[in-house]
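Enquirer: sequence first, then the predicted structure, then my questions.
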Amino acid sequence: MENREKSLLELRPVIRNAKVNSDTLSAEAFQNKTLRPIAKFQNDLLIEMFKVYINYRKNKFYELSLENKLKYIEEAVKKDAKLRRQVQGVFIGLFSIEEYMEYSKDYKSFNKRINNLCIERLKSNIQLFEKV
């Protein structure tokens, strides 16, 4: 089990501006130490998942204006329970046991943070969702 923990932590990129100080709230510390590095590491998978989601939803995304595409991303992640659970699984699967125990103490709050990180990532990569 120690090998799994070590391997998981070694996979994650370092995010230099994700500071954790002694006065950082525990939820924010968890976000900066765990969730943000996982989001960065899983970026390509999150993008491909959303492409599949667009296709599953009959490609209506492609007909929207830029502003409406941004709204679509937010609504999809926040309101589609299947997509939301899938996104959360992408993060949870890369938690160490200790991180999972921390997550389980306030999973509702952390799920919101996961969703928001995913939305930010998808929106910042919107150019990758152009129909080819």
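Expert: That came through fine. Numbers count the residues shown, from 1 in each chain.
Enquirer: what residues does the helix or strand where residue 6 lies touch?
Expert: Residue 6 belongs to helix 2-11 when assigned by DSSP states H and E. For helix 2-11, contacts defined as Cβ atoms under 8 Å, 6 or more residues apart in numbering pick out 41, 94, 95, 96, 97, 98. For glycine as for every other residue, the C-beta is placed from the backbone atoms N, C-alpha and C.
Enquirer: who's in contact with the fourth one?
Expert: Spelled out, it's residue 96. 4, 5, 8, 9.
Enquirer: any idea how far it is from residue 78?
Expert: Here the criterion is Cβ to Cβ, to the nearest Å. By it, residue 96 lies 27 Å from residue 78.
Enquirer: how many neighbouring residues does the nearest residue to residue 62 once chain neighbours are set aside have?
Expert: Among residues not flanking residue 62 along the chain, residue 131 sits closest, at 4.5 Å (Cβ to Cβ, 6 or more residues apart in numbering). Counted with other Cβ atoms under 10 Å, residues neighbouring residue 131 total 8.
Enquirer: mind checking the SS state of residue 131?
Expert: coil (DSSP: H, G, I helix; E, B strand; the rest coil).
Enquirer: go ahead and confirm it touches residue 55.
Expert: No: contact between residue 131 and residue 55 fails when scored by Cβ atoms under 8 Å: they sit 10.0 Å apart.
Enquirer: for the nearest residue to residue 110 once chain neighbours are set aside, which three-state class applies?
Expert: Leaving aside its sequence neighbours, residue 110 sits nearest to residue 103 (Cβ to Cβ, 6+ apart; 5.2 Å). Secondary structure assignment for residue 103 (three-state DSSP): helix.
Enquirer: what's near enough to touch residue 103?
Expert: 30, 92, 95, 110.
Enquirer: quick one: contacts for the last one?
Expert: The reference is to residue 110. By Cβ under 8 Å, 6+ apart, the contact set of residue 110 is 27, 30, 31, 35, 103.
Enquirer: now swap in the third one and tell me
Expert: Residues in contact with residue 95, defined by Cβ under 8 Å, 6+ apart, are 8, 34, 38, 103.
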